[in-house]
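Chemist: can't give you the sequence, but here's the structure:
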């Protein structure tokens with residue numbers, strides 16, 4: 001009979017393979033997700049014993065997988081596009097059918113994508129009956145349960161009235177199963193109640209049966225799925241790496257940074273522009289995000305990189321504007337003033353906690369005038385003080401809100417690269 005392996009969530013089989021590994025789902029998981037996944041149908045009081053190796057697999061919650069799915073390119077917009085493509089294909093099939101068998105063609109309209117979202121939201125997976133019912137022993141109505149509105153269901157692409165599955169929950173999976181597996185997962189994750197469901201990829205039975213080796217199942221993002229973040233300086237790399245570890249550990253493996261242990265190879269906005277130009281010319285296939293300071297020089301460099309018309313695997317951005325930077329004490333030719341430093345003097349250190357005890361009040365010094373932008377370039381005074389406090393952030397009552405805001409911006413930009 002062979003041995004099957006599947007990726008499933010909440011008891012719904014997303015995709016499967018028999019006697020082989022099939023699709024490599026390792027990128028959905030991290031090494032810490034490798035664990036024993038006990039078979040829920042086994043009674044713990046039974047004498048039957050299952051070896052630990054047989055139960056091995058990867059497991060994490062669907063909610064903790066959302067960011068990983070999006071960094072792999074499966075954003076809500078991607079799901080929408082996959083759905084609309086299915087609608088278009090089915091529309092063409094139905095148009096052809098109407099020419100020969102108008103009575104069998106079905107309704108003329110499909111669900112809109114918003115209708116699909118509403119349908120999924122109305123049916124959280126853990127509320128669906130998962131009891132196995134044999135189609136030989138029970139009528140279809142008992143198996144499909146609540147999914148008995150033929151008029152509504154027939155507006156789903158590829159709907160076939162004779163398909164039932166073996167339970168209400170399984171039938172729901174059949175109804176949505178026309179979507180690609182990861183779009184299916186991202187669609188389910190739009191429902192908050194579904195985010196606590198476990199996503200499982202259990203390889204133990206396949207390995208025990210000799211169809212694969214444990215070494216075949218590797219977690220974490222693959223090389224081609226990682227993003228190279230190119231920044232202006234070494235301190236930027238330190239802050240971003242540490243911020244990811246502290247705030248977004250579920251996606252740290254998606255990002256690579258230039259090794260800056262001795263000297264940053266292209267420190268400063270100008271050199272980052274040259275680096276971007278060089279990468280664009282040699283047509284590398286790596287996913288690259290050029291991250292520039294949100295100051296006068298950074299804005300100018302950003303504009304120059306934008307003019308290069310980068311390929312779809314590269315993108316440039318500046319550090320994002322933040323409301324807290326709109327009123328900062330500044331020193332310059334006009335004396336001391338309270339000024340909005342967004343776009344003029346925002347470096348990465350500005351996203352650190354300014355309110356730690358013993359730290360000075362944040363102040364910016366205007367250093368030079370930029371003719372092309374008609375504005376002054378500014379610099380945060382005493383940046384090293386804020387950086388030093390950040391190094392001990394785990395031991396302090398530290399405000400990470402600005403860093404979280406920054407990481408969300410970076411992830412959003414990377415998702416735009418992954419799903420252009």
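Modeler: That came through fine. Here the structure is a predicted model, which is why all the values come from computation and not from measurement.
Chemist: what number of residues lie near the closest residue to residue 333 other than its chain neighbours?
Modeler: Ranked by CB to CB, 6 or more residues apart in numbering and with sequence neighbours excluded, the top spatial neighbour of residue 333 is residue 366, at 6.9 Å. In this view, the C-beta of every residue, glycine as well, is placed from N, C-alpha and C. Residues lying near residue 366 (other CB atoms under 10 Å) number 21.
Chemist: what's downstream of whichever strand or helix holds residue 366, the next helix or strand?
Modeler: Residue 366 belongs to strand 363-370 when elements are defined using DSSP states H and E. From strand 363-370 onward toward the C-terminus, using DSSP H and E, the following helix or strand is strand 375-380.
Chemist: so where's the chain uncertain?
Modeler: 1, 40-48, 97-108, 259-268, 420 (pLDDT under 70).
Chemist: Now do the same contact list for residue 252.
Modeler: 244-245 (CB atoms under 8 Å, 6 or more residues apart in numbering).
Chemist: And it, its phi and psi?
Modeler: Main-chain torsions, residue 252, degrees, to the nearest 10: phi -60, psi -30.
Chemist: From residue 68, how far off is it?
Modeler: Distance of residue 252 to residue 68, computed by CB to CB, to the nearest Å: 11 Å.
Chemist: Residue 361 now?
Modeler: Taking CB to CB, one finds residue 361 at 40 Å from residue 68.
Chemist: Neighbour count: those two, which is higher?
Modeler: The neighbour count for residue 361 versus residue 68, taken as other CB under 10 Å, is higher for residue 68 (23 against 9).
Chemist: so what's that one up against?
Modeler: 27-28, 221, 250-251, 254 are the contacts of residue 68 under CB under 8 Å, 6+ apart.
Chemist: right, and the pair among those residues with maximum separation?
Modeler: 27 and 250 (12.6 Å; CB to CB).
Chemist: OK, contacts around residue 325?
Modeler: 340-342, 346, 350.
Chemist: again with residue 91
Modeler: Counting by CB under 8 Å, 6+ apart, residue 91 has contacts residue 110.
Chemist: Checking it next. Helix, strand or coil?
Modeler: Using DSSP: H, G, I helix; E, B strand; the rest coil, the structure places residue 91 in helix.
Chemist: Over to residue 7?
Modeler: Note that with three-state DSSP, the state of residue 7 is strand.
Chemist: so it touches residue 200, yeah?
Modeler: Yes - contact criterion CB atoms under 8 Å: residue 7 and residue 200 qualify, at 7.3 Å.
Chemist: and the two? which has more neighbours close in?
Modeler: Taking neighbours as other CB under 10 Å, residue 7 and residue 200 compare with residue 7 leading, 24 against 19.
Chemist: Can you get me a residue count around residue 393?
Modeler: Residue 393: 18 neighbours (other CB under 10 Å).
Chemist: these two touch, right, it and residue 246?
Modeler: Yes - in this structure, residue 393 is within contact of residue 246 by CB under 8 Å, at 6.9 Å.
Chemist: Am I right that the residue nearest to residue 333 is in contact with residue 332?
Modeler: Yes - Residue 366 lies in contact with residue 332 (CB under 8 Å); the separation is 3.2 Å.
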